[in-house]
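Asker: Structure, please.
(chains A, B, C, D and E, ligands or ions: 4)
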Amino acid sequence: MTDLAHPPARKSGAFGKIVLRWVLYILLGLFALYYLMPLFVMVTTSLKSLEEIRTGSLVALPREVTFDAWKTAWSGACTGIQCEGLRPYFWNSVLLAVPAVALSTFIGALNGYVVAQWRFPGANIIFSLMLFGCFIPFQVVLLPMARLLGLMGIAGTIPGLIFVHVIYGIGFTTLFFRNYYVSIPSELTKAAKVDGAGFFRIFWSIFLPLSLPIIVVTVIWQFTQIWNDFLFGVSFSQAGTQPVTVALNNIVNSTTGVKEYNVDMAAAIIAAAPTLLVYIVAGKYFIRGLTAGSVKG
Amino acid sequence: MTKWLETHLPKMVLAPSFIAVLVFVYGFIAWTAWVSLTRSRLLPRYEIEGFIQYKRLFAAPRWDTAMNNLFIFGALFIIIAMVLGLLLAILLDQKIRTEGVIRTIYLYPMALSMIVTGTAWKWILNPGLGIEATVQGWGFEGFSFDWLVDPDMAIYTIVIAAVWQSSGFVMALFLAGLRSVDEEIIKAAQVDGIPTWRIYSAIIIPSMGPIFMSAFIVLAHLAIKSFDLVIALTGGGPGYATDLPATYMYAMAFSRGDIGQAASSAMIMMLVVFAIVVPYLYSELRAKND
Amino acid sequence: EPQAEVLHWWTSGGEAKAVAVLQEEFASKGGTWTDMPVAGGGGDAAMTALRARVLAGNAPTAVQLKGPAIQEWYEEGVLADISSVADANGWAEVLPESIANHMKCEGTWCAAPVNVHRIDWIWANAEVLEANGITMPTTWEEFNAAAEKLQAAGVIPLAHGGQAWQDATVFEAVALGILGPEGFRKAFVDLDADTLTSDGMVAVFDQMRKMRSYVDDNFSGRDWNLATAMVMNGEAAFQIMGDWAKGEFLAAGKVPGEDFLCQSTPGDGFLYNVDSFAMFNVDGDDKKAGQDLLAELIVGQNFQKVFNLNKGSIPARVDVALDEFDSCAHTSAEDMNASAANGSLLPSYAHGMALRGAQAGAITDVVTAHFNSDISSADAVQMLAEAVANSM
Amino acid sequence: MAPILEIQNLYKNYGPVEILKDINIAIEPGDFLVLVGPSGCGKSTLLNCIAGLEPISGGRLMIGGADMTDVSPKDRDIAMVFQSYALYPTMSVAKNITFGMKVRGVDQETQTRKLQEVASQLQIEQLLNRRPGQLSGGQRQRVAMGRALVRDPKLFLFDEPLSNLDAKLRVEMRSEIKKLHQTLGATMVYVTHDQIEAMTLATKIVVLKGGVIQQIGSPSEIYNRPANLFVADFMGSPAMNLIPAKARADGAGARIEIARSSGTPLVLIDEHAPALPEDVILGLRPEDIAEAGFRAGADVQDASCLIDMVEPAGADTYVVSELGGKPVTARLHSETVATPGEMLNLSIDMSKVSYFAPDSGQRLN
Amino acid sequence: MAPILEIQNLYKNYGPVEILKDINIAIEPGDFLVLVGPSGCGKSTLLNCIAGLEPISGGRLMIGGADMTDVSPKDRDIAMVFQSYALYPTMSVAKNITFGMKVRGVDQETQTRKLQEVASQLQIEQLLNRRPGQLSGGQRQRVAMGRALVRDPKLFLFDEPLSNLDAKLRVEMRSEIKKLHQTLGATMVYVTHDQIEAMTLATKIVVLKGGVIQQIGSPSEIYNRPANLFVADFMGSPAMNLIPAKARADGAGARIEIARSSGTPLVLIDEHAPALPEDVILGLRPEDIAEAGFRAGADVQDASCLIDMVEPAGADTYVVSELGGKPVTARLHSETVATPGEMLNLSIDMSKVSYFAPDSGQRLN
Ligand SMILES: Nc1ncnc2c1ncn2[C@@H]1O[C@H](COP(=O)(O)OP(=O)(O)OP(=O)(O)O)[C@@H](O)[C@H]1O
Ligand SMILES: Nc1ncnc2c1ncn2[C@@H]1O[C@H](COP(=O)(O)OP(=O)(O)OP(=O)(O)O)[C@@H](O)[C@H]1O
Ligand SMILES: [Mg+2]
Ligand SMILES: [Mg+2]
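Answerer: Numbers count the residues shown, from 1 in each chain, chains lettered A, B, ... in the order given. Ligands and ions are numbered 1, 2, ... in the order given. Model (predicted):
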């Protein structure tokens, strides 16, 4: 009986919820379409033959699917006199990106921790100065930096590139961490201080474990910036240390040669693969509610 | 001695970064300022000649266009990317089952080099190839979407592509921020009878002020430095209708061998940034102090 | 043994194969070739890298450089002298004088030419022309008439990509035709103010305005090869583009003279774009030996032939047998010799052969602004003069 | 009248751990239900379930007669004070309190009036412009209270709302809550560890242990007739004395023997005792043991005991003696002149005695 | 012996607001100092200052004879339980507790032993692998305690460490703390709102109000001889009755007249009274007013009063009557047969009376 008396209320509530849920998923789906549109064009193009690209519509589905372009992009496309595709350059990029990301993230975390939790007079000014550094156009730093790298003897080397990326990454990594750490209650630091933990101990044991989401964001940002960087890569490398973006650029940017769009697109997707991998792997650590319940307030 | 070390440890940790920034940012800015006063062409020279480069800069109609575009593009891009990023983060925060997949879909544009993606966008936006042609092909003959080839509208296509590329990252940033909000507080608000959108607008978002600052700086940085995007999508065209200061500067510095001119444009760019960012930082950081 | 790190921007397909020829020759002479390719922006990216490397004190041994940039780098004091090689191999005899001048810095040889691209080509779809009863135009009036006829028939007269350098390419072809070789030289080599503001220049802009109307609506930002594809597909009839466009036709299996036609743009003269390598000051005998060897090979008969067959251009030296080249190349070579003789062999401004970057850029800014808006020709001429003055 | 809150066979798990087991509670409008139980027994969890903040794993939950299982917290029309306060960190105290009203579209004037009212009740008038981070613990707790008190919901849920207040303030707050309950006729569910709070506020007390309800009843039922040993032991401070004894039927009543360290057992006669097994546990509150002569009545019986310990505690003096092998506490007047090691004559009020089965722990009388 | 903690003229401001004013406290080793005071009076702030977590604005702070003003918290050798717990959210309970030892390089074995020891004292053995987010309020509080208890510092600081525990557990914890204090001879500073806790644990109580110390003394001094009206009113529950009266010298003592609603004033003779001004306020604890006949002694005087209200409260019954224009509470035995509206003969213990000046509030005897 009681069951019969109230079903409308229950139904309408549940029904409204389901409708809302649907609206939500549809909305997410629509945005996904917007984001996927260019990828669609790129993937379909990469699966077409050059002949079809020349004659057919650029944004249509391929009439005949071929993976030749992918093979070429990976191991056959010319990036100069060598025609070995992107493959040989990948390792350079990895050697460059991994340490640079790790270093700059770590430094940023430490800096952010100092600025947010160990305020000292002037900390905010220093922080602002570092932030403003984010805005310096890289074209401006190119020439003096080249000079300095030459003086330091690391011009054209991977350590040199790492150095440059770390230097210009600090502003952002510090920004991300600082702005994440300011909202962590200072009671945690206090408790750890009383427990006898020092500066680094508190950072290592308390703050780093709390920082997973922002580490993910920072790594995503830094990895993307460094992996995709072209300007520094092309200017501060020499034969043998060129990162994959330079190779990609060499494949794509022919002025007077025949343009192979299918290879270009495949190469671009391949070059982005490690970044995508980072997004997927790191994405798992977007964990919710790490501070929940630790502090009353 | 160890006590001294201890009390100054935080400062000492910050010091290397600070010095690096002083040298590699402010030192280089000073260097640029110097060069902007010279007649440097292919390579920098150091004989000061006065403000000739600035005079040339302000006489160039192309620089006018670039600055105007910067304001239009910058404002639209920052606002739209911020709003969209926040919206997506909030939507994704609703315990979505496929969050991982969707998040990656929203983020992936960041991973792709714009040199190539620009080409894809160029096709999509080209009236003869992309959306316009497709929609017309569906039978909507009157449909028109030709911003890319319209000098007055082309800058907005840059906004579209730029938002496409960066809003995913802004979403990630906000998502991390949302995830650091104490759940108990959200619960309290729910019980208080606050509708979900108000919980976000009045409780969660205000507590993410610092995250907004991160997003703003990132976006402003991208706006100021947008370069590949323009080169790949419109090449600055039609004409130089979509030129931005960054492309102007690059063209001067490297295509045209006019480093003095490039330096002066860089200085003006940084002045603009300074005028916008400094008051913002001031208000943000001061608010945090009390 | 000879060593060379070579900075160039020939990276894709045919270009890369062309360079590989050089590398093989170099290696067969016992040299070690380190490849440093940087493509993009018609060499902008490579120039960026070059600057950084020079400032870092780490210059490459040989760099693909062209036009006045060679002399500019020389003024910065970073180029090496290769006169010994040039003299030993008698470059002065085999190179047209105007091209040889580009290779000299204050009397010494400082660069080695690789090829000659002709810029003032007009390409056409043979079938479309035939269907509309049109022959290749030899004057701009004929071109305009043909264009209007095509337009009426629903064919796009001119396939064009709206990128600044393509606008400039068309512009200089038109300018050469209307101003004549002498006027072109005055305007775009000497930057003579009177010529820049002359009625002739107004006429050039008028013709550009007409050209704009022959172009379809969606031309903005289009890559040149897509424009070429339009000609191939019969969507459009003509394209004005350098001789690399031939590569696209050939890659698609089209035959010159049958499927597509090549002819110089209306008017006299020959606009060249000469690619060359400059040698930078480096330490070490092996590198210096590499530079000499490289210079020698570049201007050598064999390389000049094989390279240009791959690249679609013609050899810089005039004594190379052209049997294996196609009909367009033959035309090109003949015209070059003729022009060299009558003084109408001219550097292309649009491709950075005539002017310093800043000045060429200033002109292009005006050209592209005019082409993409409704500025009157008179205003454009005015702007042109101002921009040129401002670029000094 | 339909119960305002009805919980039927409610279960709640966190993963594999069962936190609440088969909870059945019904509250009439105007009831004041107090939840008590040891730390970690599931009180907050139960409040969270009622509020809809945690999904329930089984059973049904109805508020105002409507099934609430799928209704979101904001539509349940409840107000809640969180044990962890959960203040909105970016809002001032005043905004924390008025925000709920603002959202609901209450007009500005009413908001201000209510805010003033509540602020003065809670003595936080001078803190209204502060941020939560600038408040002391007790002040935060009062703000959390304020946020609930300005509302006029079907149901109030309070999770230890006074734990961080000083005794004086707590008494005042308690009477404010009581007033609210009486004047508004509001229905409340209230978690507290303060037994006086529980006794003075409740119309109904629920005793929980390990997620299982031990007893539901009025304060005096719980205090005077605990349903089992756990409740007997848990409620009352100092706790009820639980003394093992032997019972033997004796006429209508029973004869209770308690072992004494001195050797001879203490014998008490309970004339109203029900039928008892031989082994029983006798429950006797400290205040039901007095100094001989200070208490009179038919059921009062004297017993001479050896005093082990004397603990003066302000108003009272506690005296501990061993009976049935257990220390037994008696609450005497502070003037008592008891000395450890000496004998003292105590009087026991047999009318207040509870009997429990030693094995099951269940009440026998 | 040198005091282990000495606070001299300490001031603390937050911006322009003075929170602590001229605090002077000295604690000998082994002392158990309890801080009490109304919510927001500055207790937590004082603990924070002692711990070095907040910079002080003025004065000096010495621990173990050494000036600590510039010493960082980790070198002060203190352990602290925070009012807000401040557990490390990413660490398990076990790690939360052992973190301090680990940092200090205590060997693994000792860590495990101490952890086990403390966990069983605090009854949280089965929670050691949980995260703080998965604990109930009381459990979190016990973990916070555990973090302090495994340490062996010069000084323990406890900020309301038991506020979220149930009565039974609280009693147990209290005795654990007492044991710790006695066996280890540890020195403690302890904030509590629980008066019984304060009375039973403290060797010294500090009463704070608005950042100013009102009285420092032993529990019985504070309770029996409050230094001023604030302390008198604040300590004890129900509070001390503060009755306006007229005093007149009478032989060695004084004759105290209290207005009564019935008209004739109540006259009491205090033979030990000091010289008093005419207007005084008489302080009398409820337990010092008994039913006539239940209390005997030289100083006990009878007074017949009109009963306004009777409040049974379990073990006691409170009776309220109007004296000197104020409701006066008497604590009577629960068996009392008082009825509102009738007269009842009460006996007042004059030896326990406090006198205060009405204007300054200071104690007079
Ligand atoms: N950051 C701050 N800024 C300004 N005032 C503050 C700040 N922190 C605390 N206060 C104020 O200082 C006073 C003392 O706070 P404190 O936390 O020491 O009180 P308390 O005695 O511990 O109170 P409780 O018993 O409620 O915990 C309070 O009135 C509080 O509002
Ligand atoms: N997220 C969780 N995961 C697992 N167990 C949990 C979780 N939250 C709470 N618990 C456990 O559930 C039990 C009940 O918790 P609850 O908070 O309801 O206790 P409580 O009765 O309110 O206790 P207290 O009086 O200490 O606040 C506790 O044993 C607790 O450890
Ligand atoms: Mg709880
Ligand atoms: Mg406090």
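
Asker: And whichever helix in chain A runs longest, what does it pack against?
Answerer: Assignment by DSSP state H gives helix A:7-46 as the longest helix of chain A. Here helix A:7-46 touches helix A:68-75, helix A:261-283, helix B:61-92, helix B:99-107, helix B:114-125, helix B:154-179, strand D:66-67, going by 3 or more CB pairs under 8 Å, 6 or more residues apart in numbering or on different chains; DSSP states H and E. Backbone N, C-alpha and C define where each C-beta goes, glycine included.

Asker: Could you pull out the strands in the stretch 101-250 of chain D for me?
Answerer: D:155-159, D:187-191, D:204-209, D:212-217, D:241-250 (DSSP state E, counting those that start in this stretch).

Asker: Need the pLDDT of the residue of the stretch 101-250 of chain C found nearest ligand 2.
Answerer: At 56.3 Å from ligand 2, C:Gly221 is the closest residue in the stretch 101-250 of chain C, using CB to the nearest ligand atom. Turning to C:Gly221, the model gives it a pLDDT of 80.

Asker: go on, A:Ala109?
Answerer: Value for A:Ala109, per-residue pLDDT: 95.

Asker: Could you measure from it over to E:Ala86?
Answerer: From A:Ala109 across to E:Ala86, the span is 21 Å (CB to CB, to the nearest Å).

Asker: Spit out the contact partners of residue 243.
Answerer: Using chain A here. When contacts are counted by CB atoms under 8 Å, 6 or more residues apart in numbering or on different chains, A:Pro243 is found next to A:89, A:92-93, A:96, A:161, A:227, A:229, A:233, A:237.

Asker: my bad, chain D
Answerer: Contacts of D:Ile243 (CB under 8 Å, 6+ apart): D:258, D:281-284, D:323-324, D:326, D:328.

Asker: what does the stretch 51-200 of chain D have sitting close to chain B?
Answerer: D:51-53, D:72-80, D:82, D:84, D:86-91, D:99-100, D:103-104, D:147, D:151, D:157 (CB under 8 Å from any CB of the partner chain).

Asker: how many other residues sit next to D:Gln108?
Answerer: For D:Gln108, the neighbour count with other CB atoms under 10 Å in any protein chain shown is 10.

Asker: again with D:Asn24
Answerer: 12.

Asker: So which bits of the helix or strand where it lies are buried?
Answerer: With elements taken from DSSP states H and E, the one containing D:Asn24 is strand D:17-27. Residues of strand D:17-27 classed as buried by neighbour count (16 or more other CB atoms under 10 Å in any protein chain shown): D:18-21, D:23, D:25-27.

Asker: can you check stretch D:302-319 too?
Answerer: D:303, D:305, D:307, D:310, D:314-319.

Asker: How far does that stretch sit from its chain's centre?
Answerer: When C-alpha coordinates are averaged (CA atoms, centre = their mean, to the nearest Å), stretch D:302-319 and its chain have centres 26 Å apart.

Asker: for stretch B:63-80, same thing?
Answerer: For stretch B:63-80 - counting by CA atoms, centre = their mean - the centre lies 10 Å from the chain centre.

Asker: cool, and stretch C:214-223?
Answerer: With CA atoms, centre = their mean, you get 21 Å for stretch C:214-223.

Asker: Span of it from start to end?
Answerer: 17 Å (CA to CA, to the nearest Å).

Asker: with the contacts of D:Ile243 in mind, which one is nearest to chain C?
Answerer: D:Lys326 (89.0 Å; CB to the nearest CB).

Asker: Residues in a beta bridge with that closest one, which ones?
Answerer: Under the criterion DSSP bridges, D:Lys326 forms beta bridges with D:Leu323.

Asker: How about C:Val21: what's its closest non-neighbour residue?
Answerer: C:Val306 (4.7 Å; CB to CB, 6 or more residues apart in numbering or on different chains).

Asker: neighbours of the one you found, just the number please.
Answerer: C:Val306 has 19 nearby residues by other CB under 10 Å.

Asker: can you pull the buried residues of the host helix or strand of it?
Answerer: Assigned by DSSP H and E, C:Val306 belongs to helix C:301-311. Buried positions in helix C:301-311, judged by neighbour count with 16+ other CB under 10 Å: C:303-311.

Asker: Considering these, which is situated nearest to chain A?
Answerer: For those, the nearest to chain A is C:Lys311 (7.7 Å; CB to the nearest CB).

Asker: wait, that closest one sits on C:Asn115?
Answerer: Yes. The pair C:Lys311 / C:Asn115 is scored as a contact, 5.9 Å apart, by CB atoms under 8 Å.

Asker: residues contacting A:Leu39?
Answerer: A:269, B:108, B:112, B:120.

Asker: Which single one of the residues you listed is nearest to chain E?
Answerer: Of the contacts of A:Leu39, the one sitting nearest to chain E (CB to the nearest CB) turns out to be B:Tyr108, at 29.9 Å.

Asker: that older thread, among the buried residues of strand D:17-27, which two are most distant?
Answerer: D:Glu18 and D:Ile27 (23.4 Å; CB to CB).

Asker: A helix includes D:Ala79, no?
Answerer: No. D:Ala79: not assigned to a helix; according to DSSP: H, G, I helix; E, B strand; the rest coil it is strand.

Asker: residues near it, how many?
Answerer: Residues near D:Ala79, counting by other CB under 10 Å: 24.

Asker: Need the pLDDT of it.
Answerer: So D:Ala79 comes in at 92 (pLDDT).

Asker: Show me what it is bridged to.
Answerer: Beta-bridge partners, per DSSP bridges, of D:Ala79: D:Phe156.
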